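Participant: Make a model of this:
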Amino acid sequence: MASEQRSVLREGIVAGLIGAAVVAVWFFVYDLARGRPFHTPSLLGAFVFYGADTPAPAEPALGAILGYTVLHGLAFIAFGVIAASLMAVSEREPALFVGFIILFACFEAFFFAMVQVFGLSKTGELTWWSVLIGNLLASVAMLWYFFRLHRALPRTLVGAWGAVLGEGVVAGIIGAAVVALWFFAIDAIHGEMLRTPRLLGAALLRQQTPMSAVLVYTVVHGAAFVLFGIIGAFLIAGAEHQPMLIFALVILFTSFEIFFFGLILIAASWVMGETDDN
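Facilitator: You can find the predicted model right below:
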């Protein structure tokens with residue numbers, strides 16, 4: 001038992017460090033692309049250690065960067081240890097893997113909520129989609145690490161991977177196409193072609209020109225649906241072997257609806273402002 005606990009602790013620490021490193025690299029590239037190296041950790045460090053009313057630092061602050069990096073790493077390690085514990089339990093009772101999925105969903109929702117609470121996304125200092133992508137990349141990297149150590153679990157839950165992955169991609173593309181056609185029809189009825197993707201691309205993704213707003217939003221829209229389709233396909237396949245996973249599928253669809261509904265509520269003022277400008 002002691003050996004197993006040490007193994008879980010070691011796995012959790014390594015997984016947490018992997019996740020923290022992936023997010024750090026992502027935001028380093030993100031800041032570099034914006035011409036503001038280390039802006040994100042400096043900004044978040046200022047908010048965490050000096051208060052939400054602190055103005056965004058013009059130049060990277062070493063103290064804020066180091067402090068936030070340590071806090072960021074510890075948070076990911078704590079998350080990794082919890083995830084490793086759930087993974088160990090799931091190996092003995094695969095049906096409990098639903099708890100692992102819920103943990104990762106809460107992980108995404110927590111960081112997304114923090115960005116909104118701080119008001120960073122609305123001010124343009126830190127876009128919500130950059131946080132979402134960073135944490136998704138970290139989640140994928142951590143899952144890859146866990147599944148390398150627990151090779152039997154994925155096959156126990158799902159069976160054959162390739163067919164399920166293909167089903168998820170096709171389902172995601174179908175869902176994205178249906179939503180796109182629906183809003184294309186709505187915009188056509190109102191006499192403003194492509195109005196919805198243009199406004200969402202401009203308000204949510206900070207794209208300035210109409211064409212880039214439409215193109216970038218379409219890509220993000222499609223990628224989100226494909227990801228959702230893949231997760232849904234794996235849960236459905238897993239439910240054939242472990243019926244308890246059907247609850248995770250219900251949670252996934254519910255979270256999907258709540259996420260987009262909440263996103264529209266949060267972004268309503270931006271979209272309305274964009275509409276008034278036009």
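Participant: For the stretch 101-250 of the chain, give me the ranges with low pLDDT.
Facilitator: 112-126, 128, 154-162, 203-208, 245 (pLDDT under 70).
Participant: Show me where it has its helices.
Facilitator: Taking DSSP state H, counting those that start in this stretch as the criterion, the stretch 101-250 of the chain contains helices spanning 120-123, 128-149, 152-157, 161-189, 195-204, 210-241, 245-277.
Participant: Remind me what the second one packs against, helices and strands.
Facilitator: So the one you mean is helix 128-149. Contacts defined by 3 or more Cβ pairs under 8 Å, 6 or more residues apart in numbering; DSSP states H and E place helix 128-149 against helix 2-33, helix 62-92, helix 97-118. Yep, even glycine has a C-beta here, placed from its N, CA and C like the rest.
Participant: angle of that helix against helix 2-33?
Facilitator: 150 degrees (axes from the mean of the first three to the mean of the last three Cα atoms, to 10 degrees).
Participant: quick one, which of the helices of the stretch 101-250 of the chain is packed in tightest?
Facilitator: Of all the helices of the stretch 101-250 of the chain, helix 195-204 has the most neighbours on average by mean count of other Cβ atoms under 10 Å, namely a mean of 22.
Participant: coming back round to it: nearest to S212, of the helices and strands packed on helix 128-149?
Facilitator: Nearest to S212 among the helices and strands packed on helix 128-149 is helix 2-33; the distance by Cβ to Cβ comes to 14.9 Å.
Participant: Buried residues, that closest one. List them.
Facilitator: For helix 2-33, the neighbour count (16 or more other Cβ atoms under 10 Å) marks 8, 11-20, 22-24, 26-27, 30-31 as buried.
Participant: before we move on, back to that, so which of the helices and strands packed on helix 128-149 is nearest A213?
Facilitator: Going by Cβ to Cβ, the one of these nearest A213 is helix 2-33, 17.9 Å.
Participant: Put the alpha carbons of the next helix or strand along the chain from that closest one into PDB.
Facilitator: Counting by DSSP states H and E, the next helix or strand C-terminal to helix 2-33 is helix 39-50. Extracted in PDB, the C-alpha atoms of helix 39-50 (Å, rounded to 0.1, in the frame of the first residue of the first chain):
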ATOM      1  CA  HIS A  39       3.400  39.300 -20.500                       C
ATOM      2  CA  THR A  40       0.900  36.600 -19.400                       C
ATOM      3  CA  PRO A  41       2.800  35.300 -16.300                       C
ATOM      4  CA  SER A  42       3.700  38.900 -15.400                       C
ATOM      5  CA  LEU A  43       0.000  40.000 -15.700                       C
ATOM      6  CA  LEU A  44      -1.400  37.000 -13.800                       C
ATOM      7  CA  GLY A  45       1.300  37.400 -11.100                       C
ATOM      8  CA  ALA A  46       0.400  41.000 -10.600                       C
ATOM      9  CA  PHE A  47      -3.300  40.100 -10.300                       C
ATOM     10  CA  VAL A  48      -2.600  37.300  -7.800                       C
ATOM     11  CA  PHE A  49       0.000  39.000  -5.600                       C
ATOM     12  CA  TYR A  50      -0.900  42.700  -5.900                       C
END
